[in-house]
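**Q** got a predicted structure here, sequence first:
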Amino acid sequence: MVGSSSRVRIGIARDEAFGFYYPDDINALEQAGATLVPFSPLHDDHLPDLDALFIGGGFPETHMQTLSSNRSMCDDIRAAIDKDMPVYAECGGLMYLSNSITWHDRKLPMVGALPADSVMCDRPQGRGYVRLRELEIHPWLEQAEGADDLPAHEFHYSKLVNIDPSIHFAYQVLRGTGIDGKHDGLLYKNVLANYTHLRNVESNPWASRFVSFINSIIQ
């Protein structure tokens, strides 16, 4: 890890497989004290020096062969997670961090950091507006005001299977699908991985909370 003497360095996955980010959320992370460092799970061999990772939505299934073949990147990410690096992942990022992706009857290994497998389906498994209730186990600091009913959205054709039954979740789903119809926000070490896409708004300032969480880990 780089350390906390200056702005925290968050690696942000940006390439043909990962590109779904809200500009306002990016700005909010920077305003909260983060320097965003782009990296490519497709094209880069190794992670740069970082304090944390943000892997957003996209279409990892359409690039699953290249993602799977880039074992040095997968190994770097898995090792960083095993060493307790803070990570936030949404949708495509969640799929990439799982054990594998299956699409068109083809199954390929992914990062293998999260104890579940991703399977693509013919129809959407979750689509539309979501309402979440943040659970006490949520790892980020300073729980959001109004955390009993957080608005967000989801759109995914994949689902998670073979989920380790001992896994914990950060959210109860009040409306929507999430990971299992009742929960979203898979928790593993310092990883929070959702199907839901959060928006940084006054009632849910997730960007500053994530940066505060990173600082609490690296200090």
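**A** Yep, that arrived.

**Q** and the residue nearest the centre of the chain, what does it touch?
**A** When the chain is reduced to its mean C-alpha position, the closest residue under C-alpha atoms, centre = their mean turns out to be residue 89, at 0.7 Å. With contacts defined as C-beta atoms under 8 Å, 6 or more residues apart in numbering, the neighbours of residue 89 are 53, 54, 55, 56, 96, 97, 191, 192, 193, 194. (C-beta placed from N, C-alpha, C; glycine too.)

**Q** in the chain, where is pLDDT below threshold?
**A** Scanning the chain for pLDDT under 70 picks out 1-5, 144-147.

**Q** now the helices for this structure?
**A** Counting by DSSP state H, the chain has helices at residues 23-31, 64-69, 71-82, 92-97, 206-218.

**Q** out of those helices, which comes closest to residue 160?
**A** Residue 160 lies closest to helix 92-97 among the helices of the chain, at 7.7 Å (C-beta to C-beta).

**Q** which residues touch that closest one?
**A** Helix 92-97 is contacted from outside by 13, 17-18, 20, 41, 54-61, 67, 77, 81, 87, 89, 101, 110-111, 113-114, 118, 158, 160, 186, 191, 193-195, using C-beta under 8 Å, 6+ apart.

**Q** got a quick PyMOL command for the buried subset of those?
**A** To isolate the buried subset of these in PyMOL, counting by 16 or more other C-beta atoms under 10 Å, use the following:
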select buried, resi 13+17+18+41+54+55+56+57+58+59+60+61+67+77+81+87+89+101+110+111+113+114+118+158+160+186+191+193+194+195
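
**Q** relative to residue 201, how far out is residue 176?
**A** 17 Å (C-beta to C-beta, to the nearest Å).

**Q** and if you look at residue 129?
**A** Applying C-beta to C-beta to residue 129 and residue 201 gives a distance of 14 Å.

**Q** so those two - more neighbours on which side?
**A** Counted by other C-beta atoms under 10 Å, residue 129 and residue 201 do not tie: residue 201 has more neighbours, with 16 against 10.

**Q** circling back: need the helices of the chain in TSV (columns: distance to residue 8).
**A** Compiled in TSV, the helices of the chain are given as follows (distance: least, C-beta to C-beta, whole Å):
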stretch	distance to residue 8
helix 23-31	9
helix 64-69	26
helix 71-82	14
helix 92-97	18
helix 206-218	5
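
**Q** next up, the contacts around residue 124.
**A** When contacts are counted by C-beta under 8 Å, 6+ apart, residue 124 is found next to 155, 156, 157.

**Q** pretty sure the second one sits against residue 119.
**A** No. Under the criterion of C-beta atoms under 8 Å, residue 156 lies out of contact with residue 119, with a separation of 11.1 Å.

**Q** neighbours around residue 16, how many?
**A** By other C-beta under 10 Å, 15 other residues sit near residue 16.

**Q** let me redo that: residue 115
**A** Burial of residue 115, expressed as a neighbour count using other C-beta under 10 Å, amounts to 16.

**Q** I'd guessed it sits against residue 164; true?
**A** Yes. Residue 115 sits in contact with residue 164 when judged by C-beta under 8 Å, with a separation of 3.6 Å.

**Q** quick one on the thing from earlier: which one of the contacts of residue 124 has the most neighbours?
**A** Each of those was scored for neighbours by other C-beta under 10 Å, and residue 156 scores highest at 25 neighbours.
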